[in-house]
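Visitor: quick one, structure for this:
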Amino acid sequence: MKPSMPRRPEPELMDLKDEAVAYAKADFAAVNEAFVQRLLALAGPLTTGRLLDLGTGPGDIPIRVARARPRWHIVAVDASQAMIQLARRAADRAGVSASVELVLGDAKTTSLPTAGFDVVFSNSILHHVNETDRLWAEVKRLARPGGMVLFRDLARPDNEDVARRIVEQYSGQESALLKDEFYRSLLAAYTPEEVREQLDRAGLTTLEVAMVSDRHLDVFGRTPQAGPQR
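Guide: Model prediction:
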């Protein structure tokens, strides 16, 4: 049964400097590291490769990936100039600028090479996107045939009370700005059933959707071997 609470879209970009800085300062170390470990496990023995991070934000995840797999080349895309600036400074400080290539661009229309990536991943972009069919079509185009995909995002709760409890449980020590962003993101998120429908429309039937926590869902697996449409 689908939840009674309808989705409430939010702006796609976190382009205001104050919002970007607040997000970058928030303590996402545990959830980001958990995402990276999941990515590494799914990638398995891949020693060299080209990876794509859609909606990289302040760049913490590609930096963690680059430290764990120095021979991987990671292209990290974000449509927010403020986020790209923060990510570039963070990559420089971490000494991984040679491995992490930062690109200002829309995840739905990247203009990056077709079938150019062994792995396409993203953490927390989906709830920002309203034109999801365009996003998944771009993922299908960008991943090589049989390429790996991992998207993690929030899942929309059944109602506002549940959303507020989640916010207090997991961000009680953060700023009021961050807590408000988190709440609005929960209301803008998709349910697993909605994401399944999106993937089926895109022809990404080989990907799986699963709840992995009380507030997160994963989209994971390999793209069809037939590859993107020409």
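Visitor: drop to CA atoms for contacts and neighbour counts, all remaining ones
Guide: Will do.
Visitor: so after the worst-scoring helix or strand of the chain on mean pLDDT, what's the next helix or strand?
Guide: Here the helix or strand of the chain ranked lowest by mean pLDDT, DSSP states H and E is helix 17-25, holding a mean of 54. Per DSSP states H and E, helix 17-25 leads on to helix 29-43 as the next helix or strand towards the C-terminus.
Visitor: which residues touch that next one?
Guide: Helix 29-43 has contacts (C-alpha atoms under 8 Å, 6 or more residues apart in numbering) with 60-61, 64-65, 119, 123, 148, 150, 152.
Visitor: R88 belongs to a strand?
Guide: No - R88: not assigned to a strand; according to DSSP: H, G, I helix; E, B strand; the rest coil it is helix.
Visitor: where does the closest residue to it other than its chain neighbours land in three-state SS?
Guide: Using C-alpha to C-alpha, 6 or more residues apart in numbering and skipping residues adjacent in sequence, the residue nearest R88 is L102, 6.9 Å away. Three-state assignment for L102 (three-state DSSP): strand.
Visitor: just L112 next, same as before
Guide: Quick answer, by three-state DSSP: L112 is coil.
Visitor: that one and L142 touch, don't they?
Guide: Yes - counting by C-alpha atoms under 8 Å, L112 does reach L142; the two are 7.2 Å apart.
Visitor: pick out whichever of those two has more residues nearby.
Guide: L142 (24 against 16; other C-alpha atoms under 10 Å).
Visitor: now do the phi/psi pair for the more buried one.
Guide: With angles defined as degrees, to the nearest 10, L142 sits at phi -80, psi -30.
Visitor: distance from the chain centre to stretch 194-204, please.
Guide: Put simply, stretch 194-204 sits 17 Å off its chain's centre (C-alpha atoms, centre = their mean, to the nearest Å).
Visitor: hmm, who's touching it?
Guide: Contacts of stretch 194-204 (C-alpha under 8 Å, 6+ apart): 132-133, 136-137, 140, 205, 207-209, 223-224.
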